[in-house]
Structures are given as C-alpha cells and as structure tokens.
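Chemist: Structure for this input, please:
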Amino acid sequence: MGISNLPGRTPMGAFYRSPLGAVQRESRGEAVFFAGILNSCFYFNENGSIKIYTLLHDLEYILQYKINANVDNITFLRKTDVSEITIYTYDITFKPDGTSMYILMYESMPQNRTRTMEFSLSVPWNANTATYIQTFDNPGYGEIAFTFKPDGTKMYLMGGDEEGINNKIYQLALSPSWDISSMTVESTLTFAVDTMFGFVFSPDGTKLYIANSGDLCIYQYNLTSPWNVSTGVYVGKADAITDSQPRSVGVSPDGTKLYMVCRHDPLSNIDVFTMSTPWDISTASYDRKSFNLCYYE
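Modeler: The predicted model follows:
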C-alpha cells in the first residue's frame, strides 16, 4: 500500500553473526534480504516490545518490524512504497503518539539540499494509512538523519556542508511545536569525523548516541544542558562487530540495551548490546543476538 494525497515525485544514494532466526511473518511469501539500508527509528512499548521503522534506500520502501519483549524474535509487519514521493528518502520519524510521520528526503538541485515531509496517520504507527500534509526545505546541507524533541519544540538534523560532509548536528527551534514550517537554527554541534549517520537522545535529553559508519562504532556525547547540542561533550564509544557499518542506533528506556542497525553486505542487521552501567556506552558488550532484516513479497 502507499500514501494518499501525494504531491507527486520531487525530482532530485573476524566475527560473523549467527542470526536468531529468520524474520517472521504470518502470511507466506518470498523473503527478500537487502543491504541498501539508511536510517531506522525505534519506539518502545509499555509491554517491552519494540516498534522499528527502517528505510530501504534502493527501493524507497518503509519497512516496519516488531521485536518481542524478550528480544529473541523479530516480526516483519508491513512495507509502504514511497517511490511516488521521491527517489531519495533518508530518514523517518514519528510523533510520540504515532499520529504523524516525518520523512527526510534529498534532492540533487540545489546541491545537497534536503526537505522534511509531514504526513498524518489515520491509524497510529501504520505508515500505510499516511496522508501527505506539507513539505519544507531544511536550512543546512546534506542532512542524512533527523529527530525531534518529544514535545515537538525542537528538531535536530545531522548534516554538514555543500560537499555532503556529515559532521554537524543542527538544532532547530519550532514554534508552535511540531510546525516544520517554523524551523529556525538555534545551535550546532560539530564533529571531527565526517561519516555520521543516525542518532538518538536519552529521554531526558542529557545523552546523545550517534552511529558512525566510518569508524564502525556508536559515539556517546553528554549534554551539560539538556537538549542543547552545543553543550555536547564526548565521553566514549561502543565498537560494532566485525565489518559492520552502523547506520542507526536505539537505546532502551532504562538505558541497559543498545541496538545497532548495521549494513553488513549483503545483509542488514540489528545487533543487540547490553550496557552493564545504564546509559554508559563504554560498558556495552555484544549479547550475541543479531537479526537479519528482510521483507516479504
């Protein structure tokens, strides 16, 4: 299924896992595995299960999964075709109640500029029920990932410059909340490396976790002023397992579990880590739990 009220396409890229089992689905069909993953987002339910949305860059699909509370089973739920909207979707995120969905899209002209698209969902968390609302240009260059403060008063974009160097997070103010047409740059956080991808904040906004596909790790920054990225201080990292390129990261609400969404050609995987000290990434160790992602035709 697709999205309604479309505006039309906007013209414009040593240890091996032992998976916990194939991605499951109740109905039969051919399983399609893939490596062309960009960013994903995690939402944690009160019963301990996890909703996961990922963008398949090669085919412009939104793929939705669920991991059970014991973190030993993953289920493919649905795919949504967004190829009629754009040929380059980079990231996806939702309002905390699941009634609105936002997609970060890239366009080639002007050079390395991106836009944010907003959709309403008639069924919360179900991308197949999306209706297009609006699109607005982002203020920076080459943004590859984004997220919002839970109250919708701030938006954060991972980007860089005209050359597509991803070494900066832009912090934007939104007034009124969730109004992407009102985005105004407040501050930035610049990194020494330029291969950053997805990122996530702790619920209180005091910690920031960033996937780095070049150094093959997840970085942690602590924010001395909550939700203000300009106050970020580097504190440590967790290495991905061998030959994995981290694309996105999720952290459980209690700070004990770290989820890395990684490209590991010819597959994409979710690798599970435990932080023995909650929220301290330097204490992360691989659980020897990995899920190979796929969808069903």
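Chemist: can you count the residues close to Gly48?
Modeler: Using other Cβ atoms under 10 Å, Gly48 has 13 neighbouring residues. Just so you know, the C-beta spots here come from the backbone N, C-alpha and C atoms, and that holds for glycine as well.
Chemist: ok, the closest residue to it other than its chain neighbours - contacts?
Modeler: Of all residues not flanking Gly48 in the chain, Ala69 sits nearest, at 3.1 Å (Cβ to Cβ, 6 or more residues apart in numbering). Ala69 makes contacts with Asn47, Gly48, Ser49, as judged by Cβ atoms under 8 Å, 6 or more residues apart in numbering.
Chemist: ok, now how distant is the residue nearest the centre of the chain from Cys217?
Modeler: When Cα atoms, centre = their mean is applied to the chain, the residue found nearest the centroid is Ser40 (3.2 Å). Distance of Ser40 to Cys217, given as Cβ to Cβ, to the nearest Å: 17 Å.
Chemist: And Thr256, by the same measure?
Modeler: In this view, Thr256 and Cys217 are 19 Å apart by Cβ to Cβ.
Chemist: Find the residue closest to Gln220 in space, skipping its chain neighbours.
Modeler: Excluding its sequence neighbours, the residue lying closest to Gln220 (Cβ to Cβ, 6+ apart) is Ile281, at 4.0 Å.
Chemist: just to revisit the earlier point, name the residues linked to the residue nearest to the centre of the chain by a beta bridge.
Modeler: Residues in a beta bridge with Ser40, per DSSP bridges, are Thr54.
Chemist: From what I see, it and Ser248 are in contact.
Modeler: Yes. Ser40 lies in contact with Ser248 (Cβ atoms under 8 Å); the separation is 4.1 Å.
Chemist: Mutual contacts of these two, please.
Modeler: Overlap of the contact sets of Ser40 and Ser248 (by Cβ under 8 Å, 6+ apart) consists of Thr54, Gly198, Val261.
Chemist: Name the member of those with the shortest distance to Thr80.
Modeler: For the shared contacts of Ser40 and Ser248, the residue nearest Thr80 by Cβ to Cβ is Thr54; the value is 11.3 Å.
Chemist: picking that back up, return the residues in contact with the residue nearest to the centre of the chain.
Modeler: Taking Cβ under 8 Å, 6+ apart, we find Ser40 in contact with Ile52, Tyr53, Thr54, Leu55, Ile92, Gly198, Arg247, Ser248, Gly250, Val261.
Chemist: for Ala211, what are its contacts?
Modeler: Counting by Cβ under 8 Å, 6+ apart, Ala211 makes contact with Met196, Phe197, Gly198, Phe199, Ile218, Pro246, Arg247, Ser248, Val249, Met260, Val261.
Chemist: And for Ser202?
Modeler: By Cβ under 8 Å, 6+ apart, the contact list for Ser202 reads Leu208, Tyr209, Val251, Gly255, Trp279.
Chemist: wait, doesn't the first one sit right on Leu223?
Modeler: Spelled out, it's Leu208. Yes. Counting by Cβ under 8 Å, Leu208 touches Leu223, with 6.2 Å between them.
Chemist: So which of these two has more stuff around it?
Modeler: Relative neighbour count places Leu208 above the other of Leu208 and Leu223, with 23 against 20, counting by other Cβ under 10 Å.
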